[in-house]
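A.B. asks: The amino acid sequence is not available; the structure is as follows:
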């Protein structure tokens, strides 16, 4: 089964796994973000960093939030440097 944007997500996963394989665990999110910038560049993945995105309620802008990365203007990437993802982390990513 082919998923929408699977080609992009495969590149993102490859870049992320490269960072994790090199650094391992234990660093702050900012370190992983900086390394992911390098990997995205090496893999020619277009991205924006710390992108502000509108929060809409019934089509009306009520605020903004920032995403760590917006890849190819299609996929939001949030970096989490935690031992275990919790529901709040998943909710943040979904929103």
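C.D. replies: All right, it came through fine. What you are looking at is a predicted structure, and each value in this text was computed from that prediction instead of being measured.
A.B. asks: Enumerate every residue touching the spatially most central residue of the chain.
C.D. replies: By C-alpha atoms, centre = their mean, the chain has its centre lying nearest to residue 77, at 1.4 Å. Counting by C-beta atoms under 8 Å, 6 or more residues apart in numbering, residue 77 touches 12, 36, 47, 67-71. C-beta: built from backbone N, CA, C; applies to glycine.
A.B. asks: For it, name its beta-bridge partners.
C.D. replies: Here residue 77 sits in beta bridges with residue 69, as judged by DSSP bridges.
A.B. asks: In TSV, list the contacts of residue 77 along with distance to residue 61 and pLDDT.
C.D. replies: Below are the contacts of residue 77 laid out as TSV (distance: C-beta to C-beta, whole Å; pLDDT from 0 to 100):
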residue	distance to residue 61	pLDDT
12	28	96
36	29	97
47	24	96
67	16	92
68	21	93
69	22	95
70	17	95
71	23	96
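A.B. asks: closest to residue 19 among those residues?
C.D. replies: Relative to residue 19, the closest of the contacts of residue 77 is residue 36; by C-beta to C-beta it sits at 5.6 Å.
A.B. asks: List the contacts of that closest one.
C.D. replies: 15-16, 19, 69, 77, 79.
A.B. asks: I'd like the distance between it and residue 88.
C.D. replies: 22 Å (C-beta to C-beta, to the nearest Å).
A.B. asks: and if you look at residue 59?
C.D. replies: 26 Å.
A.B. asks: Neighbour count: the two, which is higher?
C.D. replies: Per other C-beta atoms under 10 Å, whichever of residue 59 and residue 88 has more neighbours is residue 88, with 8 against 5.
A.B. asks: one step back: which of the contacts of residue 36 are buried?
C.D. replies: For those, a burial check counting by 16 or more other C-beta atoms under 10 Å picks out 15-16, 19, 69, 77, 79.
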